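**Student:** give the three-dimensional model of this entry:
(one chain, ligands or ions: 1)
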Amino acid sequence: MSRSAHPAGPRHADVLPEGGPAAAPADLNRLDGRVWPGGAARDPDTGALTFAGIDVRELAREFGTPAYLIDEDDWRRRARAWVEAFGADADVFYAGKSFLSVAIAKWAAEEGLHLDVCSGGELAVALRAGFPAARLGFHGNNKSVAELERAVAAGVGRVIVDSHDEIERLAALAAEHGVRQRVMVRVTAGVEAHTHEFIATAHEDQKFGFSLAGGAAAEAVSRILKHGEHLELIGLHSHIGSQIFDTAGFEVAAHRLTEALAAIKRDHGVELPELDLGGGLGIAYTEADDPAPVVETARRLKEIVARECDAAGLAHPRLSVEPGRAIAGPPGITLYEVGTVKPLPGLRTYVSVDGGMSDNIRTALYDAEYTVRLVNRESTDEPMLSRVVGKHCESGDIVVRDAWLPADTAPGDLLAVAATGAYCRSMASNYNHVLKPPVIAVRAGEARVIVRRETEDDLLGLDLG
Ligand code: LLP
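**Tutor:** Sure thing, here's the model as predicted:
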């Protein structure tokens, strides 16, 4: 098919549907540095995207599409920035749920991160990578006895306990193994944060944690202290939400947590040495998102905790945080090939790519917004209001709901979606028996497959007929 324009599709801002996308950007080729990884740039000669020194056309030829690409230097730089910003008196736990593989666990270890895992599978990846067990935190509201046993046997540095049942199970396992397991209590501080809004009186009707307000957290602390021979209570943990741009929610949570620490000191005569504020710091998926630099966030969070502890007459606890998205999201992009282009007169043009909701469920699940660019070349054609969709048998199979692409976008072109490094591969599925894309780490002109593409044999290997 020729690179024809699609005259029937709307192209101009004056045909924008109501409640639809923002006006077309002035330059459809531009790569905003807040949204795209540090190693993403247009080749001045060809206009194609180079990714950490390699032309994406070459990557597509060598590894196929769709493919997840990670700018390894950018990933490591972000990890280091977190470690440095929080300093020696805090620990940065990378939230493995955002994306974990053996290579990633090794990068995390090398860059001085701790690692938060929340299932036996994530724990297995960390252990396979030789991640130091003492730097692992184990989360989850329903860890099985087998998972807990594996964690205890491996010497996991902290288990974040989430139910009274778990406290009893863990105490028994620690006794069996003759160890004293370090634990934190996951509390619900009654704060819920999302992007710029937070609710200081969030309802507590959720599966995670022990309620501070309702007294369950105090009860959990008492029970753990009674198991002092086998459980060592090191602190409290709270996680208030995700894609947060503002520290106001953390401020309220820190206030309630320090109140709880003061009450524990009063009731039990123990001053807990650690406080974990969880993850949730936001990233730029589009140019409209403007996250604060990590140095700023770290300074504010440390200040908030110090101020609250001073006011409560408590020694400053060692702080930990658990960023996932903020480290893994921005360095990752997804590379797709366009398969079909279907203009819907008066509406928009549907551009179908060779992946979809199986490699990025976030648009369908959360109405997530993404930035997409034509990347095998530049184009000066006019903007075409588009929807980038996948190949699945479902109309909700949308990758980018509202996109402006050049009107000459055609089958065979490559598209890249930015900021897909977190919660895309880790939430990928085999819906419609579509095979999961590989993950390619690119660094200084060298590409390495860190998770290979799934094959039909992988798929059929599970099917016993
Ligand atoms: N710590 C705890 C206890 C968490 O539950 C989470 C995320 C994190 C840390 C990391 O949060 P982050 O810094 O990555 O926002 N699937 C959703 C996100 C679910 C997050 C669940 N917990 C998404 O795709 O947006």
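
**Student:** which residues touch stretch 27-44?
**Tutor:** 47-53, 55, 71, 73-74, 77, 284-287, 289-291, 330-333, 371, 373-374, 378-379, 383, 404-406, 418-419, 442 (C-beta atoms under 8 Å, 6 or more residues apart in numbering). For the C-beta atoms, the positions are set from N, CA and C on the backbone; glycine is no exception.

**Student:** for the closest residue to the ligand within the stretch 351-465 of the chain, what are phi and psi?
**Tutor:** Closest to the ligand within the stretch 351-465 of the chain is Tyr423: 3.2 Å, counting by C-beta to the nearest ligand atom. With angles defined as degrees, to the nearest 10, Tyr423 sits at phi 60, psi 20.

**Student:** A strand includes Trp404, no?
**Tutor:** Yes: the assignment for Trp404 is a strand, going by DSSP: H, G, I helix; E, B strand; the rest coil.

**Student:** in helices only, show me the contacts of stretch 27-44.
**Tutor:** When the contacts of stretch 27-44 are checked against helices (DSSP state H), the matches are Asp73, Asp74, Arg77.

**Student:** ok, back up a step: filter the contacts of stretch 27-44 down to just the ones in strands.
**Tutor:** Counting by DSSP state E, those place 49-51, 55, 71, 332-333, 373-374, 383, 404-406, 442 in strands.

**Student:** which bits of the stretch 351-465 of the chain sit near the ligand?
**Tutor:** Remark: the part of the stretch 351-465 of the chain in contact with the ligand comprises Arg362, Tyr366, Ala422, Tyr423, using C-beta under 6 Å from any ligand atom.

**Student:** mind picking the two most distant members of those?
**Tutor:** Among these, the pair separated by the greatest distance (C-beta to C-beta) is Tyr366 and Ala422, at 12.4 Å.

**Student:** of the two, which one has the most company?
**Tutor:** When neighbours are counted by other C-beta atoms under 10 Å, Tyr366 and Ala422 differ, and Ala422 comes out ahead with 25 against 11.

**Student:** stretch 246-265: which residues count as buried?
**Tutor:** Buried residues in stretch 246-265, defined by neighbour count with 16 or more other C-beta atoms under 10 Å: 246-258, 260-262, 264-265.

**Student:** again with stretch 297-305
**Tutor:** Thr297, Ala298, Arg300, Leu301, Lys302, Ile304, Val305.

**Student:** pretty sure the last one sits against Asp276.
**Tutor:** No: counting by C-beta atoms under 8 Å, Val305 does not reach Asp276; the two are 10.8 Å apart.

**Student:** tell me, what's touching the two both at once?
**Tutor:** By C-beta under 8 Å, 6+ apart, the residues touching both Val305 and Asp276 are Leu319.

**Student:** tabulate the ones in helices among the contacts of stretch 27-44 (TSV), appending neighbour count, distance to the ligand and pLDDT.
**Tutor:** Output for the ones in helices among the contacts of stretch 27-44, formatted as TSV (neighbours: other C-beta atoms under 10 Å; distance: C-beta to the nearest ligand atom, whole Å; pLDDT from 0 to 100):
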residue	neighbour count	distance to the ligand	pLDDT
Asp73	18	21	98
Asp74	22	16	98
Arg77	17	17	98
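
**Student:** what is the neighbour count of Gly280?
**Tutor:** 23.

**Student:** need the max-distance pair from the ones in strands among the contacts of stretch 27-44.
**Tutor:** The most widely separated members of those, counting by C-beta to C-beta, are Pro383 and Val442 (29.0 Å).

**Student:** and these two? Which one has more around it.
**Tutor:** Val442 (24 against 21).

**Student:** return the distance of the lowest-mean-pLDDT helix or strand in the chain from the chain's centre.
**Tutor:** Here the helix or strand of the chain ranked lowest by mean pLDDT, DSSP states H and E is strand 197-199, holding a mean of 82. Mean-position distance between strand 197-199 and its chain equals 20 Å (C-alpha atoms, centre = their mean, to the nearest Å).

**Student:** may I see the buried residues of that strand?
**Tutor:** Phe198.

**Student:** elements contacting it?
**Tutor:** Secondary structure elements in contact with strand 197-199, counted by 3 or more C-beta pairs under 8 Å, 6 or more residues apart in numbering; DSSP states H and E, are strand 192-195, helix 248-268.
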